[in-house]
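Colleague: below are the sequence and a predicted model for it; my questions follow.
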Amino acid sequence: MSPDRLAEINARYHMFSAISPEIPEDAGFLFSAKDNLTSAGMETKCGSRILEGYVPVFDAAAIERMKAAGGALVGKTNMDEFGFGTFSVNSAFGVPLNPFDPERSCGGSSGGSACAAAVLEGHVSLGVSTGGSVSCPASFCGVYGLTPTYGRVSRHGLIDYGNSLDKVGLLSADAPVLGRRLAEISGRDPRDPTSCAQPELSLSGKRISSVAAPEEALRGVSGAVGEAFKASLDRIRESGADVETISMPSLRYAIPAYYVIATCEASTNLARYVGMRYGRQDGDLSLGFDDYFASFRTEYFGDEAKRRILLGTYARMAGFRDRYYAKALRVRAHIIESYKEAFGRFDAVATPTMPFIAPRFSEISAMSPVDSFAADFLTVPPNLAGIPHLSVPCGYSEGMPIGLHVSTDHWREDLLASFAEDWSESFKAERAGVGQ
Amino acid sequence: MKIGLEIHVQLPTRSKMFCACPTEEAEAPNAHVCPVCLGMPGSRPVLNMRALECGIALAKLLGCEVAETTWFSRKTYFYPDMCKSVQITQYDHPVGTNGSYALDGGKRVRIARIQLEEDPGKTKRVGDQSSLIDYNRSGIPLAEIVTEPDLSSPAEAREFLKRLIGDIRHALGLRDDGERSIRCDCNISVGSERCEVKNVTGLRNVERALAFEAVRQTKVLRSGGKVVRETRRFDEERGVTISVRKKEMEADYGYIDEPDLGIFHIKEMAGRVSVGESPQAMAARLSAEYGMGEKAARQLVSSSVGLAALFEELAEAAGAEAAKSWIGEIGSHWKRAEERGADRAEIVRIVSEAAAGGMNDVEARMALRAHMTGEEPQCAEGARPDLDAVILGYIDSDPGILDEIRKNGRASNRIIGHAVKATGGAFSSSEIVSAVGRIVAERLG
């Protein structure tokens, strides 16, 4: 794959925000990385104009390890600004188009990664999930998306959205690749203390033998998604696993708790972007520093970034902190407990990934911010709990893929890796027809 | 008048608080920096555990309750020298709380909390229109010690600071780099509302800034005005404080937990960190707790911290009065007793018995002398060290000595000298000379 050929494909789908000038022919494998993972010597913008021109001096740990395993980084993938979105429409550098239908979204925020995984043969892309940003685009683009346990993959070099939620994950159309690459990028890294508590990943081939399906998961999903989900549960039963419907009422509190915690953390993470030190720095130096900072942030942050900064700043103000931030932390602890209870009896919890198929851009522009926040109600709970999860293609409606979402207990990525492999043998996923 | 201080102390670590950059003076601005202390996107902090140990040591020194679990918070504010626009500090669960520190005369200044935090960089103004930023200081570990408003005059605040800094230097092994290294935020109220004078450097300036503020607030109140709650800064050249911002303009720092560092369970670590009580604190405490004159207490501590500790054991066992009346006698034999390694428990027993009326003063004095100096002839034979074993031990450790003695008999003086020292005066010199002579003769055959 030459950079020129990649540029041609990119002209059609806008999945890359930067393409490597050279791609070695003898590379063991090719990979791309979401543009919120730092790449030494290669522009890294997080979908934001405020970081235009930022060339990091170091590789993110996940990129470093992919390279060490023989991978060649071919490009940085397009994304919602700093990961803020469900449809990848909040990027300052074009919107990636769904390879199944260019009128529709790739999902977000790792939309470019899912698009690259769907279109490029034998490709694997590093995505990042905060509240479902790997699963959602995997589902919309009909590929496999694996998000490991929080702390499994070092966040060194991950440009923070919500530090207590961010996880580096993998997207590929090729299921067996997920486990293989996960083994390469995971492991303790002293540069990220939260990665240092993990037990070793052992891909022993153990299989999921019991699955819980929370009844709450089918409320508010489209008819086609509901049908595909039921058919998937039947398929799981046929493979010999037990499937049982359970109730997890606390899941409905996950969305508000998630948005409070994520925006609180995000608003502090984004405070550093003030037009000094890195990224754009071409402001009016005659201004006082406060005005200079404000002018930059006003000019170069997109609307969704501003919305989340305001939300997060509000929720952590003295006087509101206990009502929002502290309470959200308690809700999170409660949700983790509900999962622990479920995993006491079952190996996995299954739901649809997204409540609908990839929406058209015209439908997205009609959504309110709250509508699009709500679209994440199935992917947010496992992200809030920090448990590993996997989206697999499980059906099609109107020619668009539907995803099945499977979560397991902390550190049990081994069950997800074997599930993905088994699934890919029994379910024949369709490749996007275009772009070959 | 009420004065409370927030004192910033730089901790003696070799590398910065959250990265491996050195803390020593750099040869040029922005030389000791890396992606972490420049706040580059994608970098993250890793705690220097030595900073945590120092924080625990300070908390212990100031009699604080040391937290079992501690964590860090993000304080968000925008200033060019704060590279992340977020300072990593402590908010909810600082390393120490509820301590106190005594002044001369026994007055206690309550310590509200001790928190760890990173220093920002430095802003240097160059001309009217521009400033330069040096991030060498960014990420240097600090402890902030926050007192309750228990100080009652600028002079007292200065005295407090002077002693406190002396003790901290003693406890942490900080080098004395002059008073310029001490930075303080000073809170003062003459009436009911307080003002904060931020970032005052050095003891003298703390006293000057507070004195100016006291006079200013008094004048405002006398003329029928109201003191407004505000933040002020101290102009060192002119010796005045200047309003920086009013209360309603004060920043809301929007504290949240620092998710990258996690929670530190420090109970075990705190058990390992020990701080000797500083001499100043001990003298003040002895004076306050046992009704001893301040001068006497200081003298006792300065003659020997070990003797002062024994005083406390005596007071515990036999009462403060007995301890005070016997400590002089004990002090006169102290050096000897220490050299001989005399058992402290026996001293305590003798004094306790005397206090309980089990022996009279003369008997007790004789018993103490006998025990501490070993000079009393009645001292039991069995309590004496085994002289022969000491001599044989020396010969075994240096067998060449026998050849030397063969050539020159005076070489046996080395053995004699050793035996005198090793038995600590339990034997007369003639006893030792004859024992050495006997053993050497046996060995030489």
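Modeller: Great, that's in hand.
Colleague: going by C-alpha atoms from here, please, whenever you check contacts or count neighbours.
Modeller: Noted.
Colleague: now do the nearest residue in space to A:Ser210 that is not next to it in sequence against B:Arg238, distance only.
Modeller: Nearest non-adjacent residue to A:Ser210, counting by C-alpha to C-alpha, 6 or more residues apart in numbering or on different chains: A:Asp242, 4.5 Å away. Between A:Asp242 and B:Arg238 the computed distance is 81 Å (C-alpha to C-alpha, to the nearest Å).
Colleague: the two: who's more crowded?
Modeller: A:Asp242 (16 against 7; other C-alpha atoms under 10 Å in any protein chain shown).
Colleague: residues contacting the more buried one?
Modeller: Residues near A:Asp242 by C-alpha atoms under 8 Å, 6 or more residues apart in numbering or on different chains: A:209-211, A:236.
Colleague: OK, now which residue of the stretch 1-150 of chain B is nearest to chain A?
Modeller: Nearest residue of the stretch 1-150 of chain B to chain A: B:Gly42, at 3.8 Å (C-alpha to the nearest C-alpha).
Colleague: quick check: that residue touching A:Ile159?
Modeller: Yes: B:Gly42 lies in contact with A:Ile159 (C-alpha atoms under 8 Å); the separation is 4.2 Å.
Colleague: what is the burial count for A:Gly344?
Modeller: 11.
Colleague: where does it sit, in terms of helix or strand?
Modeller: helix A:327-345 (DSSP states H and E).
Colleague: and that helix, which residues are buried?
Modeller: Across helix A:327-345, burial judged by 16 or more other C-alpha atoms under 10 Å in any protein chain shown covers A:328-329, A:331-332, A:334-336, A:338-340, A:342-343.
Colleague: let's have those in JSON lines, adding pLDDT and distance to A:Tyr278.
Modeller: Output for the buried residues of helix A:327-345, formatted as JSON lines (pLDDT from 0 to 100; distance: C-alpha to C-alpha, whole Å):
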{"residue": "A:Ala328", "pLDDT": "97", "distance to A:Tyr278": "33"}
{"residue": "A:Leu329", "pLDDT": "96", "distance to A:Tyr278": "32"}
{"residue": "A:Val331", "pLDDT": "97", "distance to A:Tyr278": "37"}
{"residue": "A:Arg332", "pLDDT": "97", "distance to A:Tyr278": "34"}
{"residue": "A:His334", "pLDDT": "97", "distance to A:Tyr278": "40"}
{"residue": "A:Ile335", "pLDDT": "97", "distance to A:Tyr278": "38"}
{"residue": "A:Ile336", "pLDDT": "98", "distance to A:Tyr278": "38"}
{"residue": "A:Ser338", "pLDDT": "96", "distance to A:Tyr278": "43"}
{"residue": "A:Tyr339", "pLDDT": "98", "distance to A:Tyr278": "41"}
{"residue": "A:Lys340", "pLDDT": "97", "distance to A:Tyr278": "42"}
{"residue": "A:Ala342", "pLDDT": "97", "distance to A:Tyr278": "46"}
{"residue": "A:Phe343", "pLDDT": "98", "distance to A:Tyr278": "45"}
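Colleague: tell me the one among these nearest to B:Leu103.
Modeller: A:Leu329 (42.9 Å; C-alpha to C-alpha).
Colleague: where do the strands of the stretch 1-150 of chain A begin and end?
Modeller: A:16-19, A:29-34, A:71-77, A:97-98, A:101-105, A:124-129, A:144-147 (DSSP state E, counting those that start in this stretch).
Colleague: one more: the stretch 301-436 of chain A?
Modeller: Under DSSP E, counting those that start in this stretch, the stretch 301-436 of chain A gives strands at A:348-352, A:389-397, A:400-408.
Colleague: elements contacting the second one?
Modeller: Where contact means 3 or more C-alpha pairs under 8 Å, 6 or more residues apart in numbering or on different chains; DSSP states H and E, strand A:389-397 is packed against helix A:135-141, strand A:144-147, helix A:223-238, strand A:400-408, helix A:413-426.
Colleague: so which of those comes closest to chain B?
Modeller: Per C-alpha to the nearest C-alpha, nearest to chain B of the helices and strands packed on strand A:389-397: strand A:144-147, 19.0 Å.
Colleague: ok, that closest one: who's next to it in the sheet?
Modeller: strand A:167-172 (antiparallel), strand A:389-397 (antiparallel) (DSSP bridges).
Colleague: now the longest strand seen in chain B: buried residues?
Modeller: The residue-count maximum for a strand in chain B (DSSP state E) belongs to strand B:108-118. Of all the residues in strand B:108-118, those buried under the rule 16+ other C-alpha under 10 Å are B:109-118.
Colleague: before we move on, the earlier item: so which of the strands of the stretch 1-150 of chain A comes closest to A:Ala271?
Modeller: Using C-alpha to C-alpha, these put strand A:124-129 closest to A:Ala271, at 20.7 Å.
Colleague: so what's residue 293 up against?
Modeller: Picked chain A for this. Counting by C-alpha under 8 Å, 6+ apart, A:Phe293 has contacts A:274-275.
Colleague: let's do chain B instead
Modeller: B:Ser287.
Colleague: ok, now how distant is it from B:Ser223?
Modeller: Noted for B:Gly293: a distance of 44 Å to B:Ser223, by C-alpha to C-alpha.
Colleague: can you give me the strands for the stretch 101-250 of chain B?
Modeller: Under DSSP E, counting those that start in this stretch, the stretch 101-250 of chain B gives strands at B:108-118, B:122-126, B:130-134, B:141-147, B:183-189, B:195-201, B:230-235, B:240-246.
Colleague: need those in TSV (columns: distance to B:Pro279 and mean pLDDT).
Modeller: Output for those, formatted as TSV (distance: least, C-alpha to C-alpha, whole Å; pLDDT from 0 to 100):
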stretch	distance to B:Pro279	mean pLDDT
strand B:108-118	16	97
strand B:122-126	36	91
strand B:130-134	39	92
strand B:141-147	20	97
strand B:183-189	24	95
strand B:195-201	26	93
strand B:230-235	33	93
strand B:240-246	36	87
